[in-house]
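# dropping a prediction and its sequence here:
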Amino acid sequence: MKIVLAMLVLASITIALLMGELLARFVVNPGDFLSASLVSHPVLGRRIMPYTTGHDALGFRNPEVPARAGIIAVGDSMTYGINAARDGTWPHQLGSLLGEPVYNMGLGSYGPLQYLYLAEHEARKLQPRLLLVGFYFGNDLIDAFSLAHEEPHWHGWREGSSGDARVVKSGEFATGEPKKRFAGLRDWLSSHSVLYSMLRVTLFQRFAAWEQERMASQLNPEQRMVWRDPHGQSVSTIFTPELRLSAVDPGRPDVQEGLRITKRAFAALESEATANGTKLLVVLIPTKERAYCRYLKDSGERMPAAFLKVCDAEEWIKEDLVRFFATRKIAYVDVRGAMEEKIRNHVEIYPATSDSHPQVFGYGVIARAVYDALRRQQHEN
């Protein structure tokens with residue numbers, strides 16, 4: 001009798017979960033929650049399969065592919081909009097501010113070489129008058145280096161040897177860091193269950209923050225630094241200084257070469273835009289650590305050596321890029337100032353975990369900064 005009862009309970013739970021999954025898929029856009037299905041690509045490295053998990057015919061995060069798109073945004077996961085539904089990404093929020101849709105060609109792990117390819121092929125077909133390039137300091141230089149050395153199509157862009165340097169991807173744990181529990185199962189559910197993925201970003205958020213703090217307690221602050229705003233205790237996050245430094249340290253050969261490749265890619269992007277009568281605007285997106293540097297210093301926070309190095313290294317990279325932009329007359333907007341202002345006002349623009357991506361409000365800050373820059377350009381012209 002007990003076995004039969006247990007089986008009935010198990011069957012009831014299974015049916016309830018299946019009904020919940022079906023209802024969730026009917027009510028929301030699966031692409032806002034499920035991890036996308038990726039396929040290999042000989043030039044881009046990888047891309048999303050068309051029409052999967054709420055993506056369009058080209059595999060991008062839009063309702064559909066328009067015949068023409070006046071404004072197109074290319075970029076990595078910061079432009080794709082990790083941590084936000086499609087309507088919460090900065091390209092979509094910018095479109096709402098402008099009163100005109102912005103077609104989003106962002107995808108995680110993309111870098112300057114993919115931005116160039118998309119501009120020369122996919123974007124060109126849609127005849128944009130404005131091309132926005134979301135450049136993320138947190139991994140774009142490393143991604144430029146990696147693609148040039150890993151994909152045969154881009155081998156002509158290599159300027160050196162990868163040597164024995166290990167390329168550290170954004171979000172990748174360094175050797176010896178504790179792993180999350182049931183990682184395999186959770187990753188599978190994130191790709192296949194809308195219901196689980198919805199719970200993960202709502203009810204399970206507190207658990208995720210607790211788990212991240214537990215993991216951070218087993219590491220030194222150079223690897224994971226738990227921080228709470230001394231003037232707004234409800235605001236907290238976890239920094240990953242060593243990981244961020246590995247992507248912006250100008251003393252690293254892979255970062256040096258990545259910077260050279262990035263400059264060549266931007267020069268080619270500018271030539272492509274000019275040839276097609278398209279305006280080009282580069283959106284400089286800082287790392288979470290760099291966005292917080294000034295506030296942490298001003299508030300007297302004790303910062304690990306790697307964190308301080310990130311602040312200086314990323315600023316050096318930015319100034320070097322800005323000087324290059326000046327020589328090519330490439331327009332750009334640095335959104336860090338707008339993010340720093342919200343941070344000083346104790347606004348939570350990043351999650352409480354070690355995730356480097358902003359929350360929806362943080363993407364809104366980026367969108368507003370780009371909108372203001374476009375309006376200034378319009379008045380100047």
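Done, it's in.
# only C-alpha atoms for contact and neighbour calcs from this point on.
OK.
# how many neighbouring residues does L44 have?
Residues lying near L44 (other Cα atoms under 10 Å) number 19.
# could you find the closest non-adjacent residue to it?
Using Cα to Cα, 6 or more residues apart in numbering and skipping the chain neighbours, the partner closest in space to L44 is Q114 (5.6 Å).
# and if you look at R158?
A148 (5.6 Å).
# wait, that neighbour sits on L141?
No - under the criterion of Cα atoms under 8 Å, A148 is not in contact with L141, lying 11.0 Å apart.
# looking at these two, which is more packed in?
L141 (26 against 21).
# name the helix or strand for the more buried one, please.
helix 140-150 (DSSP states H and E).
# who does that helix touch, helix- and strand-wise?
Helix 140-150 is packed against helix 112-118, helix 241-248, helix 253-275, with contacts defined by 3 or more Cα pairs under 8 Å, 6 or more residues apart in numbering; DSSP states H and E.
# G362 is nearest to which of the ones you listed?
helix 241-248 (18.9 Å; Cα to Cα).
# which strands or helices does the closest one pack on?
Partner elements for helix 241-248 (3+ Cα pairs under 8 Å, 6+ apart): helix 140-150, helix 305-328.
# report the angle between the last one and helix 253-275.
Counting by axes from the mean of the first three to the mean of the last three Cα atoms, to 10 degrees, helix 305-328 lies at 30 degrees to helix 253-275.
# give me the sheet partners of the helix or strand that helix 305-328 is followed by and which way each runs.
Per DSSP H and E, the first helix or strand lying C-terminal to helix 305-328 is strand 331-334. If you go by DSSP bridges, strand 331-334 pairs up with strand 279-285 (parallel).
# could I get the CA-only coordinates of the partner strand as CSV?
Extracted in CSV, the C-alpha atoms of strand 279-285 (Å, rounded to 0.1, in the frame of the first residue of the first chain):
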residue,chain,number,x,y,z
LYS,A,279,27.2,55.9,-38.8
LEU,A,280,29.3,53.9,-36.3
LEU,A,281,29.1,54.4,-32.5
VAL,A,282,31.2,52.2,-30.1
VAL,A,283,29.6,51.6,-26.7
LEU,A,284,32.4,51.1,-24.1
ILE,A,285,31.0,48.9,-21.3
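# what does stretch 84-101 rub up against?
Contact with stretch 84-101 is made by 31-33, 61-62, 69, 71, 73, 79-81, 102-104, 359-360, 363-364, 366-368, 370-371, as judged by Cα atoms under 8 Å, 6 or more residues apart in numbering.
# which one of the helices and strands packed on helix 241-248 lies closest to L245?
helix 305-328 (5.1 Å).
# in the closest one, which residues are buried?
Residues of helix 305-328 classed as buried: 306-315, 317-318, 321-322, 325 (neighbour count, 16 or more other Cα atoms under 10 Å).
# helices of the stretch 151-300 of the chain, start to end?
183-192, 194-200, 205-217, 241-248, 253-275, 288-298 (DSSP state H, counting those that start in this stretch).
# part of a helix, is Y363?
Yes - assessed with DSSP: H, G, I helix; E, B strand; the rest coil, Y363 lies in a helix.
# which residue packs closest to it, ignoring adjacent ones?
Counting by Cα to Cα, 6+ apart, the residue nearest Y363 is W90, at 4.8 Å.
# just give me the neighbour total for that neighbour.
So W90, with other Cα under 10 Å, has 29 neighbours.
# likewise for the one 3 residues further on?
For Q93, the count of nearby residues is 24 (other Cα under 10 Å).
# quick revisit: what pLDDT does the model give the residue nearest to L44?
The model reports Q114 with a pLDDT of 98.
# mind checking how far it is from R47?
Using Cα to Cα, to the nearest Å, we find Q114 at a distance of 10 Å from R47.
# ok, P358 next?
22 Å.
# and those two? Which one has more around it.
Neighbour count, other Cα under 10 Å: between P358 and R47, P358 has more, with 23 against 20.
# that older thread, closest to I343 out of the helices and strands packed on helix 140-150?
helix 241-248 (18.1 Å).
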